[in-house]
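Chemist: Provide a 3D model corresponding to the input given below.
(chains A and B)
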Amino acid sequence: GEDVEQSLFLSVREGDSSVINCTYTDSSSTYLYWYKQEPGAGLQLLTYIFSNMDMKQDQRLTVLLNKKDKHLSLRIADTQTGDSAIYFCAEKGGSQGNLIFGKGTKLSVKP
Amino acid sequence: SAVISQKPSRDICQRGTSLTIQCQVDSQVTMMFWYRQQPGQSLTLIATANQGSEATYESGFVIDKFPISRPNLTFSTLTVSNMSPEDSSIYLCSVVGPTGFGGYTFGSGTRLTVV
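Modeler: Here you go, the predicted structure:
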């Protein structure tokens, strides 16, 4: 079945760039997503990329998609303490058109 | 994108009781998804709710435990029945935009603790 893998933890210093990586298995996925979850909060859609794109940039966020390797990354430039959260990678690959989520990467930003 | 109002935001319930979670969407949507997020875990799909038909449940989830209603295109409820401490989780509803493409919006979640 579909599977989405991502590393569980990432720690960076404020001002540095953060790169969160994700691999997925369903080559037919049309869209891939990044969501942010702050403590005690719901999921906030950060960005998504259509599978025929290699890159998408939105302010401090850059998404890179390597469809051949089924690898997705999220780069956050100039990481701030407010970026500390759990970041979920997801693919649109479920049988009901639902999203399949990775386990989430906890990003810690140190001042 | 759609805006979802989810209630309650949190609750502490006694084992053996039931809790109904509501999601109200500010626009008409065909499909509504219900997810569970167990502590420290990712999101797992419970079921998909379509208006006018029975919900479709994922493996490991059954209607008797998680009955769902979808009376119209803007509203759905999920009931967690006969609760046990293992049901302590965050429950979230989600919809996709009217075209079926693009971003999926999530409710703010219901944090359930069963004691």
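Chemist: What confidence value was assigned to the nearest residue to A:Cys89 once chain neighbours are set aside?
Modeler: What sits nearest to A:Cys89 in space, not counting adjacent residues and going by Cβ to Cβ, 6 or more residues apart in numbering or on different chains, is A:Cys22, at 3.4 Å. Any C-beta I mention is one placed from the backbone N, CA and C, and that applies to glycine too. Per-residue pLDDT puts A:Cys22 at 96.
Chemist: quick check, A:Cys22 in a strand?
Modeler: Yes: assessed with DSSP: H, G, I helix; E, B strand; the rest coil, A:Cys22 lies in a strand.
Chemist: In this structure it contacts A:Asn66, no?
Modeler: No: with contact defined as Cβ atoms under 8 Å, A:Cys22 does not count as touching A:Asn66 (10.7 Å).
Chemist: Now list whatever residues contact both of the two.
Modeler: A:Leu72 (Cβ atoms under 8 Å, 6 or more residues apart in numbering or on different chains).
Chemist: Can you tell me how far B:Leu77 is from B:Ala49?
Modeler: For the record, residue B:77 is Thr, not Leu. Using Cβ to Cβ, to the nearest Å, one gets 9 Å for the distance from B:Thr77 to B:Ala49.
Chemist: So which of these two has more stuff around it?
Modeler: Neighbour tally, B:Thr77 and B:Ala49, criterion other Cβ atoms under 10 Å in any protein chain shown: the higher count belongs to B:Ala49, 26 against 18.
Chemist: Packing partners of the helix or strand that contains that one?
Modeler: Using DSSP states H and E, the element containing B:Ala49 is strand B:43-50. Applying 3 or more Cβ pairs under 8 Å, 6 or more residues apart in numbering or on different chains; DSSP states H and E, one finds that strand B:43-50 makes contact with strand A:99-101, strand B:31-37, strand B:56-57, strand B:68-72, strand B:75-80.
Chemist: which residues of chain A fall in strands?
Modeler: Along chain A, counting by DSSP state E, strands occupy A:4-6, A:9-13, A:18-24, A:31-37, A:43-50, A:55-58, A:61-66, A:71-76, A:85-92, A:99-101, A:105-110.
Chemist: what's the closest of those strands to B:Val115?
Modeler: Among these, strand A:31-37 comes nearest to B:Val115, with 24.5 Å by Cβ to Cβ.
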